[in-house]
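Novice: need a structure here:
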Amino acid sequence: MQSYTIQTNYVCAKQISFSLEDGKLYNIKFYGGCPGNTMAVAKLLEGADAKRAVSILKGNDCGGKGTSCADQLARGIEEALSQIDDTKVAVS
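Specialist: Now for the predicted structure:
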């Protein structure tokens, strides 16, 4: 299981951590943000397919900021998945 931590921009949560294993999400934690919303997102996504989570969360907006805690998580997951794909390509 690979763990990731991302620094966020323009949202209340200052940092988000999560783990990926076999394309699934685990251990999602928001540091800051609206506790009820971020805990719900984390619980709903535990064990979820990472690519599906990105497709659901990416582009969600909070208060006209152009992003949200959920969108920032999606961007972080997307970046982590691209790193995994790059590693697979480099190894092949």
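Novice: For stretch 62-72, what is the distance to the chain centroid?
Specialist: Using C-alpha atoms, centre = their mean, to the nearest Å, the mean C-alpha position of stretch 62-72 is found 13 Å from that of the whole chain.
Novice: Pull up the distance across that stretch, start to finish.
Specialist: 11 Å (C-alpha to C-alpha, to the nearest Å).
Novice: go on, stretch 27-42?
Specialist: With C-alpha to C-alpha as the measure, the ends of stretch 27-42 fall 8 Å from one another.
Novice: helices and strands of the chain: which one has the lowest mean pLDDT?
Specialist: Of all the helices and strands that make up the chain, the one with the lowest confidence by mean pLDDT, DSSP states H and E is helix 69-91; it has a mean of 84.
Novice: And it, what's buried?
Specialist: Judged by neighbour count using 16 or more other C-beta atoms under 10 Å, the buried positions of helix 69-91 are 69-78, 80. For the C-beta atoms, the positions are set from N, CA and C on the backbone; glycine is no exception.
Novice: quick one: L81 and A53 touch, right?
Specialist: No: between L81 and A53 there is no contact under C-beta atoms under 8 Å: 10.1 Å.
Novice: How about K58: what's its closest non-neighbour residue?
Specialist: Spatial nearest neighbour of K58, excluding adjacent residues (C-beta to C-beta, 6 or more residues apart in numbering): A74 at 3.9 Å.
Novice: Spell out which residues sit in contact with the one you found, please.
Specialist: With contact set as C-beta atoms under 8 Å, 6 or more residues apart in numbering, A74 has these partners: 53-54, 56-60.
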